[in-house]
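1. here is my input, please return the structure:
(2 chains)
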Amino acid sequence: MLLIHCPYCEEERPELEFRGAGDAHILRPTNIADISDEEFEAFFFLRDNVKGLVYERWRHIHGCGRFFNAARDTVSDKFVTTYKAGLPRPDLSPAPKATETTVETYEATEGVAG
Amino acid sequence: MRKYSVFAVAREALRGHTGWEPQWASPEPRKEYDVIIIGAGGHGLGTAYYLAKEHGITNIAVLEKGWLGGGNTGRNTTIIRSNYLYDESAALYNHALKLWDGLSQELNYNVMFSPRGVMMLAHNIHDMQGFKRTIHANRLNGVDNEWLTPEQAKEYCPPLDISRSARYPIVGAALQRKGGTARHDAVAWGYARGASDRGVHIIQNCEVTGIRRNPDGSVAGVETTRGPINAKKVGVVAAGHTSVVMQMADIRMPLLSFPLQAMVSEPVKPIFPCVVMSNTVHAYISQSDKGELVIGAGTDQYQSYSQTGGLHIITHTLDAICELFPMFTRMKMMRSWGGIVDVTPDRSPILAKTPVKGLYVNCGWGTGGFKATPGSAHVFAHTIARDEPHPINAPFTMERFRTGRLIDEAAAAAVAH
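-> Here you go, the predicted model:
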């Protein structure tokens, strides 16, 4: 189970309190009746399904009830950050991407134990 | 290839089992093939097998980034059935079911197909109405499926508790007698052996890193971790990684990848005679020939390539199993695992040509692709060989998400499957 930081409650809570809501930063066209079938397909059905960093919506449904966005690595399932709805996509390019061969050690994530 | 038979077993018993051959060759890749299949799971190996056997195309490579049958082919719960609601789905899955019957003889390889029956439990009036509708649709399509009263269900599957006081009372069941299970690894191995015998190259530990294109946009071959390989036709059968591979040809797919989990218990003596599914409480269970209870759980709510999944997903399923079958509450679960399944918006697969000439895709089987393996491979081979779909897979295009002609099994079953 994932631990997810709600940017509104400012608390890390278990995944059971949250509902995943798919890709973030997808704008519904304001002229939805006028767009072509190709444009509707791209908006509604096609997804990048990235292996790596994804930006996605979550809802703290059993908490504050609010939607927010998260950046998460789909290989390690690790949350890089969460941020409030309406904020732009954070630039996380320098962050190292986890791979299937990444081995997470205590020292790497927590520092050398004093 | 030496045929497997009772005489071969007797001969090898006398010779101390020194005469068995490797089941498939592991050759060095050539510079060029007629067809490249990306992904050596059941669907990919089966496609190569039927291309060689029925279409006379033997200059084929099946490229696999890991090991043969190590993805979802080796991670599913081995259930086989064809009782789908819509005509298109019924035709596709029943095509597969007909091929399952006789597949061991066809491949000269025991895939242990066991048509022991697949029973779907109805717990309320909605289940009852939904199942009866499906049963009538199935019968019109020539698909075996019948309605059982609780007493008839109990007679077919004695471990069921049909008392009115059960936590999830059983008000009836839909039974597909021709459904059942098969040995999943043997399906991959059997197709691999049959394909290799016909000259197909199976190349493991060879990851595709790019799709090469001609100036006119058509497929020229692939880049791999073992160098470039040319081919005029490339079939992508990469399950959870389909989006990643198709991205190499600049195609966005209507797919999301999720972890799907399953588990097995300690092995016990025969106790469970058939496959039982309950969509309402989300549990399905059967017993392998080795004696383990094989239990399938659901997908996580978030997309992922992690091949693990959350613990609460499997405990949720075990809660349901224990409520349905209290006698299993003290069973120990021995192993659990996850596979990455590629899910389409309408929960039906895509078996089709793509906008790129020479590139074909077989994907979107979601949480229930194993049952379709022979049928999917058979019609996909036809699609690649003839450059046009078989009538059975013609509706399963990519374009249906543009035209709106969906095959909405998600709505039909109200559960991922």
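
2. so residue A:4 sits against residue A:13, correct?
-> Yes. Using C-beta atoms under 8 Å as the test, residue A:4 is close enough to residue A:13 to be in contact (6.2 Å). Using the backbone N, CA and C atoms, a C-beta is placed for each residue, glycine as well.

3. what's the local residue count around residue B:207?
-> Using other C-beta atoms under 10 Å in any protein chain shown, residue B:207 has 16 neighbouring residues.

4. how near is the closest residue to it other than its chain neighbours to residue B:308?
-> Excluding its sequence neighbours, the residue lying closest to residue B:207 (C-beta to C-beta, 6 or more residues apart in numbering or on different chains) is residue B:65, at 3.6 Å. Applying C-beta to C-beta, to the nearest Å, the value for residue B:65 to residue B:308 is 19 Å.

5. again with residue B:35
-> In terms of C-beta to C-beta, residue B:35 sits 34 Å off from residue B:308.

6. isn't the residue nearest to residue B:207 right up against residue B:203?
-> No. With contact defined as C-beta under 8 Å, residue B:65 does not reach residue B:203; the gap is 10.1 Å.

7. what does chain A have sitting close to chain B?
-> A:1-2, A:15-16, A:19-20, A:22, A:37-38, A:40-42, A:44-51, A:54, A:56, A:72, A:74-77 (C-beta under 8 Å from any C-beta of the partner chain).

8. which among these end up buried?
-> By neighbour count, with 16 or more other C-beta atoms under 10 Å in any protein chain shown, the residues of chain A next to chain B hold A:2, A:15, A:20, A:41-42, A:45-51, A:54, A:56, A:72, A:74-77 as buried.

9. in the chain, which helix is the longest?
-> Let's take chain A. helix A:37-44 (DSSP state H).

10. wrong one, chain B
-> helix B:125-140.

11. other residues contacting that one?
-> With contacts defined as C-beta atoms under 8 Å, 6 or more residues apart in numbering or on different chains, helix B:125-140 is touched by B:83-87, B:90, B:120-122, B:144-147, B:171-174, B:176, B:279-280, B:412, B:414.

12. show me which positions of it end up buried.
-> Across helix B:125-140, burial judged by 16+ other C-beta under 10 Å covers B:127-128, B:130-131, B:134-135, B:137-138.

13. grab the nearest non-local neighbour of whichever residue of chain B sits closest to chain A.
-> Residue nearest to chain A within chain B: residue B:243 (3.6 Å; C-beta to the nearest C-beta). Nearest residue to residue B:243, sequence neighbours excluded (C-beta to C-beta, 6+ apart): residue A:49, at 3.6 Å.

14. return the helix or strand in chain B with minimum mean pLDDT.
-> When the helices and strands of chain B are scored by mean pLDDT, DSSP states H and E, helix B:409-413 comes last with a mean of 72.

15. name the residues of chain B found near chain A, please.
-> Contact residues, chain B versus chain A (C-beta under 8 Å from any C-beta): B:241, B:243-244, B:247, B:252-257, B:301-306, B:308, B:310-312, B:342, B:345, B:401-404.

16. so of those residues, which ones are in helices?
-> Among these, the members that lie in helices (by DSSP H) are B:243-244, B:247, B:311-312, B:401-403.

17. which members of those residues are the farthest-apart pair?
-> Using C-beta to C-beta, the pair of those lying farthest apart is B:311 and B:403, separated by 41.2 Å.

18. tell me which element residue 51 falls in.
-> With no chain named, the answer covers chain A. If you go by DSSP states H and E, residue A:51 is not part of any helix or strand.

19. should've been chain B
-> Secondary structure (DSSP H and E) places residue B:51 in helix B:42-55.

20. next, the buried residues of that helix.
-> For helix B:42-55, burial by neighbour count (16+ other C-beta under 10 Å) applies to B:42-53.

21. need those in JSON lines with distance to residue B:100 and pLDDT, can you?
-> Compiled in JSON lines, these are given as follows (distance: C-beta to C-beta, whole Å; pLDDT from 0 to 100):
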{"residue": "B:42", "distance to residue B:100": "12", "pLDDT": "98"}
{"residue": "B:43", "distance to residue B:100": "14", "pLDDT": "98"}
{"residue": "B:44", "distance to residue B:100": "18", "pLDDT": "98"}
{"residue": "B:45", "distance to residue B:100": "16", "pLDDT": "98"}
{"residue": "B:46", "distance to residue B:100": "12", "pLDDT": "98"}
{"residue": "B:47", "distance to residue B:100": "16", "pLDDT": "98"}
{"residue": "B:48", "distance to residue B:100": "19", "pLDDT": "98"}
{"residue": "B:49", "distance to residue B:100": "14", "pLDDT": "98"}
{"residue": "B:50", "distance to residue B:100": "14", "pLDDT": "98"}
{"residue": "B:51", "distance to residue B:100": "20", "pLDDT": "98"}
{"residue": "B:52", "distance to residue B:100": "20", "pLDDT": "98"}
{"residue": "B:53", "distance to residue B:100": "17", "pLDDT": "98"}
